[in-house]
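Novice: sequence and predicted structure are below.
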Amino acid sequence: MTLIREHQGAGGAGGESGKPYRSKLFNYQQLMGYLFLAPTLIIFFLFTVLPSLMALFLSLTRYDILTPIKWIGLQNYQRLLGDSVFFVTLRNMLLYVVMFVPLMVILSLLIAIALNRPVPGMRFFRTLFYLPMITSSVAAATVWVWLLQRNYGLINQLLALVGITGPAWLADSDTAMIAIVMVTLWQGLGGNIILNLAGLQGIPRMYYEAAILDGANAWQCFRYVTWPSLRNTTFFITTVTLINAFQLFDQAYVMTQGGPGQATLTSVYYIYQMGFQQLQMGYASAMAFVLFLIILVFSFLNMRFNPEVAS
Amino acid sequence: MTRKFTPWRVLRETIFYLLLSAVGVFMALPFVWSLLTSLKDDSEIFSTHWLPTHLTLAHYAEVFQVIPYGSYILNSFVMAGLGVITNLFLGSLAGYAYARLRMKHKNFFFRSQVASMMIPSIITMIPTYLILRSFPLVGGNNILGQGGYGFLNTIWAVVLPWAVGSYAVFMMRQFFMTLPEELAEAARLDGCSEFRIFWNIYLPLCKPALATLAIFTFQAGWNSFLWPMIVLNDPKLKTVQMGLQVFSSNHSTNYGPMMAASIIAMLPMILIFVFAQRYFTQGVAFEGGK
C-alpha cells in the first residue's frame, strides 16, 4: 500500500497531499485536465471500450448487417466445437508458434550478444540487422515470394550451388509454413535485437568482473550473469512475440492465400473470411473471443514459467 | 588483459565474423535481390545471371501505367500523415494531463488505457467496423445511425479509430514525467493559462519523444494493410499496401514490376530509417522498458 502511495505521489499530481482539493486553482486545473483528456477519452471509449463490450455481445448473436440482429445464446460457441476448419487454423497457429517463438527468442538474443562485443564493424551490422523491421509485411511478403520461387528464386539458386534441389516452397504444404516463419523472422528480428541490446547494456560490468575473478568461463558468465539479468527482457519479448504470432495474417494472405489447401490458413484469416466476406459477424466474433482466450492461456503459461518476473 | 594474436584467437574471430556475415547476407539479400530484379530486363530475370548486364527503369514505368500507384501513394501519405498529426497533438495533450495536472480519477483512466493495450486488435475489429458504419449523421446515416454507410469508404474510417492510440498517450506521459515541475509553477504564478504552459513551455522540450512517436505512427499508418482493406472499397481510396497486394496477385509471374512496386512501397520508410535510425532504436528500447 505504501508503495502505491509513493508511486502516486511521485508519478501523479505532485503535492496532492499538501493542498486542499477544493481550491480555485485545483478546480481550474481539473477543468483544463478534462478538456485536455476529452478527445482521447472519447476515442478510447468509442474505439476500444465499446468495441470490446460489443464483441462479447455479438458473439452471442446472429448478425449479418442485412437482417436484424438475433440473440442465440451460446449457439456460436457450440457450432465452433464442430467446425473442423477452425481447428485446422488452430493447429496451423500452434505449428507456427512452436517454430517461430523459440527461434525468435534464441536468435535475437544470440545476435544481440554478438553485436554487443566491443569489436570493429558492429555499427554496420546493427544498421543492417535493423533494416528489415521497417518494411511493410506486404512488401516483405511480396519480395520473399520471388526469393522462394521454385526455379529462378534466389534461395533455390543458392541451394543448387551446394547441390541441393530446393522445394517449391509456397506450393508445398510441408514447406509453406516454414517459408512464412522465415519471412516473419526476417522482419521481426531487428526489433527484438534492439530490446536485447538495451537489456545487455543495462547489466553492470562489475557482475562480469566478479564472475571472472571467481574463475567463471564464458559459458558460466552467460549462464549465471547474462541470462538471469535479462529475465525481464526475455519475458517481455516472449509475451509480445506470442501475442503477435497468434494474430498472423498479412504474410499468409499475400504469400499463400492460406494454402496450399489449408496449410497456412491462420485463425485471423478465417475470422476475416467469416466476418467480412461471409458477413457472419456473430460467429466471427465468437471465434475472435476464443482466439483471445487461447492467447491469454499462453500468456498465463508463459508467466507461470517465469514466476520471478511476473510477480 | 593483453590481446595477442594467437592462432586460436584468429580462428575464433574469423568464425565470429563469418557467422555474423552469414546473418547479414540473410538480412540484406531480399533488398539487394529485389532491387536487382526490378532493374533487370525480363529476359534476364528468368536466368541464372545474378547481375544485370544493363540497367532499365522500364519496370518502374510499367507499375505506374498498369495501376494508379501515384494516387495510392498519395492516399497512404495523407492517411499516415493525419494519423501522425492527431497522435502527436492529442497524445501529448492527454499525456501532459496525466503527468502534470491535478485532477480526480485520472489514475483510473490512465490505468484503463494501459490495460487496454493488452486487448488484441482481432477482438475489436468487427465491432469497430459496425460502429464506423452506423455512426449517426455521417455518410447518409440518420440520427439513429441507419440508412447509409457512415464513415466506411472514407479516409476517416482509417484515421479515426487510431487518431490517438493508448501507446502514444502512454509514451508522452512517461516523457512529461521526466520534465521538472518548477517550470509550470513559475508560469502559473504569472497567470499563464494551462494550455500555454503546455504548448509554449513543455511541448518544445519534448522534441525527441515527438520525433520517435511521429516515426512509429507514420510507419504503422504507411504499412497497415488489413484494416484499410476492410473499410475501403472505393478503388480511388486504395493505399499503397492494398495496391501492391492486388498488383502482385494479378501479375504473379511478372516479377520485374512486382519488385519495382515493392521497392517503391518500402522506399519512404527506408529513407526515414537512414536519416533517423537513432529515433527508431530509442523508440523500440522504450517499448521494452515500459
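Specialist: Arrived safely. Residues are numbered from 1 along each chain as shown, chains lettered A, B, ... in the order given.

Novice: can I take it that A:G261 is in a strand?
Specialist: No - checked against DSSP: H, G, I helix; E, B strand; the rest coil, A:G261 lies outside a strand; its state is coil.

Novice: neighbours around the closest residue to it other than its chain neighbours, how many?
Specialist: Distance criterion Cβ to Cβ, 6 or more residues apart in numbering or on different chains; nearest residue to A:G261, sequence neighbours excluded, is A:S173 at 5.7 Å. Backbone N, C-alpha and C define where each C-beta goes, glycine included. For A:S173, the count of nearby residues is 14 (other Cβ atoms under 10 Å in any protein chain shown).

Novice: then A:A38?
Specialist: 14.

Novice: and the one 10 residues further on, by the same measure?
Specialist: The local packing count at A:T48 equals 21, with neighbours defined by other Cβ under 10 Å.

Novice: rewinding a little: any idea whether the residue nearest to A:G261 is helix, strand or coil?
Specialist: Once three-state DSSP is applied, A:S173 turns out coil.

Novice: over to it: give its phi and psi.
Specialist: Per-residue torsions, A:S173: phi -70, psi -20 (degrees, to the nearest 10).

Novice: look up how far A:N232 lies from it.
Specialist: Between A:S173 and A:N232 the computed distance is 39 Å (Cβ to Cβ, to the nearest Å).

Novice: longest helix anywhere in chain A?
Specialist: helix A:84-115 (DSSP state H).

Novice: mind listing what's buried in that helix?
Specialist: For helix A:84-115, the neighbour count (16 or more other Cβ atoms under 10 Å in any protein chain shown) marks A:86, A:88-90, A:92-93, A:96-97, A:99-101, A:103-105, A:107-109, A:111-115 as buried.

Novice: quick check: next helix or strand after that helix?
Specialist: Going down the chain from helix A:84-115, the next helix or strand is helix A:122-130, by DSSP states H and E.

Novice: tell me which residues of that next one are tucked away?
Specialist: So for helix A:122-130, counting by 16+ other Cβ under 10 Å, buried means A:125-126, A:128-130.

Novice: now stretch B:166-178
Specialist: Going by 16+ other Cβ under 10 Å, stretch B:166-178 has these buried residues: B:166-177.

Novice: need those residues in TSV (columns: secondary structure and pLDDT).
Specialist: Converted to TSV, the buried residues of stretch B:166-178 look like this (DSSP: H, G, I helix; E, B strand; the rest coil; pLDDT from 0 to 100):
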residue	secondary structure	pLDDT
B:S166	helix	90
B:Y167	helix	88
B:A168	helix	91
B:V169	helix	93
B:F170	helix	90
B:M171	helix	89
B:M172	helix	91
B:R173	helix	91
B:Q174	helix	88
B:F175	helix	88
B:F176	helix	90
B:M177	helix	88
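
Novice: can you tell if the helix-or-strand element of chain B with minimal mean pLDDT touches chain A?
Specialist: Sorting the helices and strands of chain B by mean pLDDT, DSSP states H and E puts helix B:42-45 at the bottom, at a mean of 78. Yes - Helix B:42-45 lies within reach of chain A by Cβ under 8 Å from any Cβ of the partner chain, at B:I45.

Novice: check stretch B:193-204 too.
Specialist: Yes - contact of stretch B:193-204 with chain A (Cβ under 8 Å from any Cβ) involves B:193-195, B:198.

Novice: among these, name the buried ones.
Specialist: B:194, B:198.

Novice: out of the residues of stretch B:193-204 next to chain A, what pair is the most spread apart?
Specialist: B:S193 and B:F198 (9.0 Å; Cβ to Cβ).

Novice: hmm, back to that, what's the farthest-apart pair in the buried residues of helix A:122-130?
Specialist: A:F125 and A:Y130 (9.6 Å).

Novice: what about residue 50, how many residues nearby?
Specialist: Here I'm looking at chain A. By other Cβ under 10 Å, 15 other residues sit near A:L50.

Novice: wrong one, chain B
Specialist: Count around B:W50 with other Cβ under 10 Å applied: 12.

Novice: ok, now which ones touch residue 99?
Specialist: Went with chain A since none was named. Residues near A:M99 by Cβ atoms under 8 Å, 6 or more residues apart in numbering or on different chains: A:177-178, A:181.

Novice: hm, I was asking about chain B
Specialist: So B:A99 contacts B:172-174, B:176-177 (Cβ under 8 Å, 6+ apart).

Novice: just these now: which is nearest chain A?
Specialist: Comparing those against chain A with Cβ to the nearest Cβ places B:M177 closest, at 6.4 Å.

Novice: now do that closest one against A:L50, distance only.
Specialist: 29 Å.

Novice: now swap in A:L25 and tell me
Specialist: A:L25 is 35 Å from A:L50, by Cβ to Cβ.

Novice: output the below-cut-off pLDDT ranges for the stretch 51-200 of chain B.
Specialist: Within the stretch 51-200 of chain B, no stretch has pLDDT under 70.

Novice: where exactly do the strands run in it?
Specialist: Taking DSSP state E, counting those that start in this stretch, the stretch 51-200 of chain B contains no strands at all.

Novice: report the residue ranges of every domain in chain A.
Specialist: A:17-50, A:83-310 (automatic domain parsing).

Novice: can I get these in JSON lines including distance to A:K70 and mean pLDDT?
Specialist: Shown next, in JSON lines, are the domains of chain A (distance: least, Cβ to Cβ, whole Å; pLDDT from 0 to 100):
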{"stretch": "domain A:17-50", "distance to A:K70": "21", "mean pLDDT": "82"}
{"stretch": "domain A:83-310", "distance to A:K70": "8", "mean pLDDT": "90"}
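
Novice: most packed of those?
Specialist: domain A:83-310 (a mean of 18; mean count of other Cβ atoms under 10 Å in any protein chain shown).

Novice: so which of the residues of stretch B:193-204 next to chain A belong to helices?
Specialist: Assigned to helices by DSSP H, the following of the residues of stretch B:193-204 next to chain A qualify: B:194-195.

Novice: just curious, which of the residues of stretch B:193-204 next to chain A is nearest to chain A?
Specialist: Using Cβ to the nearest Cβ, the residues of stretch B:193-204 next to chain A come closest to chain A at B:E194, 4.0 Å.

Novice: isn't the closest one up against B:L101?
Specialist: Yes - look at B:E194 against B:L101 with Cβ atoms under 8 Å: they come within range, at 7.0 Å.

Novice: now do the shared contacts for those two.
Specialist: A:29, A:32-33, A:36.

Novice: secondary structure and distance to A:Y152 for the residues you listed - can I get that in JSON lines?
Specialist: JSON lines is the format used below for those (DSSP: H, G, I helix; E, B strand; the rest coil; distance: Cβ to Cβ, whole Å):
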{"residue": "A:Q29", "secondary structure": "helix", "distance to A:Y152": "67"}
{"residue": "A:M32", "secondary structure": "helix", "distance to A:Y152": "64"}
{"residue": "A:G33", "secondary structure": "helix", "distance to A:Y152": "62"}
{"residue": "A:F36", "secondary structure": "helix", "distance to A:Y152": "57"}
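
Novice: near chain B, list only the ones from these.
Specialist: Among the shared contacts of B:E194 and B:L101, the residues that sit close to chain B (Cβ under 8 Å from any Cβ) are A:29, A:32-33, A:36.

Novice: let me know the closest of those to B:M242.
Specialist: Nearest to B:M242 out of those is A:F36 (Cβ to Cβ; 35.3 Å).

Novice: can you verify my assumption that that closest one contacts B:Y96?
Specialist: Yes - judged on Cβ under 8 Å, A:F36 makes contact with B:Y96 at a distance of 6.5 Å.

Novice: mutual contacts of the two, please.
Specialist: Contacts common to A:F36 and B:Y96, judged by Cβ under 8 Å, 6+ apart, are B:F198.
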